[in-house]
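1. Fold the following.
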Amino acid sequence: MPFETLDRSPPPFFKQGPSAWSRLVFYSALALFLMVADARFRVAQPLRATIATVLYPAQWLALQPVQMMQNFASYLTDLKTAHKTEEAARLKLAEQSQRAGQVEQLLLENERLRQLLALRDRVQASATAAQVLHDATDPYSRRVVIDKGQLQGIEPGSPVMDESGVLGQVTRVYPFVSEITLLIDRDQVIPVMNSRTGTRSVVYGVPTPHGGQLELRYMSVTEDVKEDDLLTTSGVDGVYPPGLPVARVSSVDRRTDSSFARIHATPLAKMQGVIHVMVLTPVGQPDALAEAAAPAASAASAASAASVSRKARTPDRGRQP
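-> Got it, this is the predicted structure:
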């Protein structure tokens, strides 16, 4: 075969274009340009939206097995939680039913004993619902502001409580708002009684960086105080109605170098994040005192009338006929 008939040019497979380094620099510059243009002018937004719309059915189909597994696992978890909640609710309902029966029996016995001993009933303090607006501006105190004031009948010194226990006391009253000092404030003191032993004492507020607690001071080391004892208001101060839950004893430290025990208690009321409260009428208010003194006054007047009639029927032996 003559050499003139052969194609001396290399086949296309061996043709070489730009070098790899040149292509890398070109495509890197193009990618950088597209990123800057998309960030500044959003030139790729229509393309991105079109691709997302086209690929959505495929994505939805691909995610269906995962979504079904997640829903099934969530269903099993919710079912297990519901069973536990139902069991706990049944136990709590049975316990509350038992306590309700005991409380009803105790109330009947209390009423019979008071009638037998001719004792007056306890004063039932009225209450006003209020909402907490915000914390007080003083950073060194534990106080909150509620949306009720003088126009709603709020009086200074009124006890305040939430659904769990005593929260504090009204210290300042304005026409439309009032300021409540919480129990954990360092200037707040409340007389309490140990519901287990009947021992009366006084608790003081102890503020801490993460909230606060209460401290029972001047309690002897030999005093019968245990952890988890319930502390309620004693009512001896004439402000707090007796029997309101205040706190539970959290720690008892009987030190050998002191004649007084160091006892701390955790308040039952929600000292942080409380929203709704009840403002009670102080026991020492005139209306409450008048209500409490009415039976005693009637009994005293009846006794006085009986004494006068007895003297009228008895002849004076010292008088000469």
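2. all strands of the stretch 101-250 of the chain, in order?
-> Applying DSSP state E, counting those that start in this stretch to the stretch 101-250 of the chain gives strands spanning 127-135, 143-146, 159-161, 166-173, 178-182, 189-194, 200-208, 211-220, 230-233, 245-253.
3. Give the other helices and strands that the shortest one contacts.
-> In this case it means strand 159-161. strand 166-173, strand 276-280 (3 or more CB pairs under 8 Å, 6 or more residues apart in numbering; DSSP states H and E). Backbone N, C-alpha and C define where each C-beta goes, glycine included.
4. Which of those strands has the highest mean neighbour count?
-> Most buried of those, by mean neighbour count (mean count of other CB atoms under 10 Å): strand 166-173, with a mean of 22.
5. ok, and what's touching it?
-> If you take CB atoms under 8 Å, 6 or more residues apart in numbering as the criterion, strand 166-173 is touched by 143-144, 149-150, 154-161, 178-183, 185, 188, 190, 233, 239-240, 244-246, 267-271, 274, 277, 279.
6. repeat that with 7 Å
-> Contacting residues not belonging to strand 166-173 are listed as 149-150, 154-161, 178-183, 188, 190, 233, 240, 244, 246, 269, 274, 277, 279 [CB atoms under 7 Å, 6 or more residues apart in numbering].
7. Nearest spatial neighbour of the residue most central in space within the chain, chain-adjacent residues omitted?
-> With distances taken as CA atoms, centre = their mean, the chain has residue 270 as the residue nearest its mean C-alpha position (3.1 Å). Distance criterion CB to CB, 6 or more residues apart in numbering; nearest residue to residue 270, sequence neighbours excluded, is residue 162 at 5.8 Å.
8. Flag the shaky bits of the stretch 1-150 of the chain, pLDDT-wise.
-> 1-16, 118-125, 139 (pLDDT under 70).
9. can we see that at 90?
-> For the stretch 1-150 of the chain, the stretches flagged by pLDDT under 90 are 1-23, 30-31, 33-59, 62-63, 66-67, 87-88, 90-127, 134-142.
10. in stretch 256-272, what counts as buried?
-> Within stretch 256-272, the residues that count as buried by 16 or more other CB atoms under 10 Å are 261, 263-269, 271.
11. measure that stretch end to end?
-> 35 Å (CA to CA, to the nearest Å).
12. quick one: that stretch to chain centroid distance?
-> 20 Å (CA atoms, centre = their mean, to the nearest Å).
13. just checking, what's the longest helix in the chain?
-> For the chain, the helix reaching the highest residue count under DSSP state H is reported as helix 45-117.
14. Could you identify the buried members of the contacts of strand 166-173?
-> By neighbour count, with 16+ other CB under 10 Å, those hold 149, 154, 158-161, 178-183, 188, 190, 233, 240, 244, 246, 269, 274, 277, 279 as buried.
15. How much space separates residue 45 from residue 29?
-> 22 Å (CB to CB, to the nearest Å).
16. same question, residue 48
-> 21 Å.
17. and what of residue 147?
-> 65 Å.
18. hang on, the earlier thing: quick one: classify the residue nearest to the centre of the chain as helix, strand or coil.
-> What DSSP: H, G, I helix; E, B strand; the rest coil gives for residue 270 is coil.
19. Quick check: pLDDT value at it.
-> Predicted confidence (pLDDT) at residue 270: the value is 89.
20. Hmm, residue 164 and it touching each other?
-> Yes: taking CB atoms under 7 Å as the definition, residue 270 is a contact partner of residue 164 at 6.4 Å.
21. re earlier: the helices and strands packed on strand 159-161: which one's closest to residue 95?
-> Across these, residue 95 has its closest neighbour in strand 166-173 (23.9 Å, CB to CB).
22. Walk me through the domains of this protein.
-> For the chain, automatic domain parsing gives the domain ranges 20-120, 127-286.
23. Tell me which of those domains sits most buried.
-> Using mean count of other CB under 10 Å, domain 127-286 ranks as the most buried of those, with a mean of 17.
24. residue contacts, residue 177?
-> Contacts of residue 177 by CB under 7 Å, 6+ apart are 133, 145-147, 149.
25. Great, nothing more from me.
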